[in-house]
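> Please work out how this folds:
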Amino acid sequence: VDSMQDPYYRALAESVLKDDAEIIDMFKRAPAAKSIHHAYRSGLLEHVTSITALLDFISHHYGKYLDRDLLFIGGFFHDIGKLWELSYARVTDYTTEGRLVGHLVMGVELIDKKIRALEALPGRLPGPFPEDKKLLVKHMVLSHHGQLEFGSPKRPKFLEALILHYIDDLDSKINSIRT
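Here you go, the predicted structure:
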């Protein structure tokens, strides 16, 4: 987060990953899934850390074609809704909201909520959160499964979203095989 240059993306990331003690605590404990990949305590944190390291490498390799901060915000937030999609106090299972709404929608709702809160705090942003940046962040979350048949309501429509999809898929498959 500290390496992000875009003031809007950085403020959004800070509002969740630095300022929100409840989310930070949940993030430290949450699995990334009920089964399949990173389906164990702290699995979500391990998954997000792994993919952001890969996204950082890719952003340096293809730097002039990519928005590194957009890649990072997508990496940070693509599965953030899993904090509420899954219950994991004793055994990992889906919450009622998780079954009915799902982590993609819950992630987008969190983004909207955090942006509204940032805009209400004087001096936290250089101006209103740009609509185009808000849409790009939401698209990163909504398209990260890559295909409609895998639960994405949208297929990736720009390079950063496509990269996030492939890196997320790669990391989940490697973890599944490894474990």
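> any idea how far the residue positioned nearest the centre of the chain lies from Leu17?
To find the centre residue of the chain, average its C-alpha atoms and take the closest one (CA atoms, centre = their mean): that gives Phe77, at 1.6 Å. Note on Phe77: its distance to Leu17, by CB to CB, to the nearest Å, is 9 Å. Bear in mind the C-beta positions are built from the backbone N, C-alpha and C, glycine included.
> Now do the contacts for the residue lying closest to Ala33 once chain neighbours are set aside.
Counting by CB to CB, 6 or more residues apart in numbering, Ala39 is the residue found nearest to Ala33 once chain neighbours are left out, at 4.7 Å. Counting by CB atoms under 8 Å, 6 or more residues apart in numbering, Ala39 touches Pro31, Ala32, Ala33, Thr92.
> before we move on, what about Val105?
Counting by CB under 8 Å, 6+ apart, Val105 touches Gly81.
> which SS class is the residue lying farthest from the centre of the chain?
Computed with CA atoms, centre = their mean, the maximum C-alpha offset from the centroid of the chain is found at Pro122, amounting to 25.8 Å. In three-state terms, and counting by DSSP: H, G, I helix; E, B strand; the rest coil, Pro122 is coil.
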